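> Fold the following and give me the result.
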Amino acid sequence: MDQQARKAAVAAFKERKSEPGIYALTCRPTGERWVGRASDLATIWNRLSIALRLASTPHRSLQAAAREHGEPAFDFEVVERIDEPDASPALLGAILKRRLEHWRDSLGATAI
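Below you'll find the predicted structure:
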């Protein structure tokens, strides 16, 4: 990729609208579930998968399952998108926290 195309791609990435929400990870062999919140659902799986490969995630049960079964054994799903375009960062954080607790309880999952 030439420098001009790279600059255009970076600019487009920075200008795109982020999509906050709640996601779930499921380990198919064990049925274990984890739920988390993200300020941008489009980028969270990439960030998590890199952390799992590098064994740098602070979530011990998730890391242990990844070490035992491998990254391909996980399913990633978006369980809720938060559509609050005018919410301040503090309000959005509070909404995400409340919705994470809801999904943790509903799915019987571990919060990450």
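
> what sits against Ala65?
Counting by Cβ atoms under 8 Å, 6 or more residues apart in numbering, Ala65 touches 27, 30, 32, 73-74. Just so you know, the C-beta spots here come from the backbone N, C-alpha and C atoms, and that holds for glycine as well.

> Equivalent analysis for Leu25, please.
33-36, 48, 62, 74-76, 112.

> now Ala73
Residues in contact with Ala73 (Cβ under 8 Å, 6+ apart) are 27-29, 65-66.

> returning to what we had before: okay if I get the contacts of Ala65 as TSV plus pLDDT and secondary structure?
Output for those, formatted as TSV (pLDDT from 0 to 100; DSSP: H, G, I helix; E, B strand; the rest coil):
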residue	pLDDT	secondary structure
Cys27	96	strand
Thr30	95	coil
Glu32	96	coil
Ala73	93	helix
Phe74	94	strand
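
> all helices of this protein, in order?
Taking DSSP state H as the criterion, the chain contains helices spanning 3-15, 41-53, 60-69, 89-107.

> Report pLDDT for Ala55.
If you check Ala55, the pLDDT there is 87.

> is it true that it touches Arg67?
Yes. If you go by Cβ atoms under 8 Å, Ala55 and Arg67 touch, sitting 7.2 Å apart.

> Nearest the middle, which residue of the protein would you pick?
With distances taken as Cα atoms, centre = their mean, Ile44 lies nearest the centre of the chain, 3.6 Å away.

> Which residues are in contact with Leu96?
Contacts of Leu96 (Cβ under 8 Å, 6+ apart): 20-22, 37, 39, 82.

> quick one: low-confidence ranges for this protein?
1, 12-16 (pLDDT under 70).

> how about 80 then?
For the chain, applying pLDDT under 80 flags the ranges 1, 5, 8-17.
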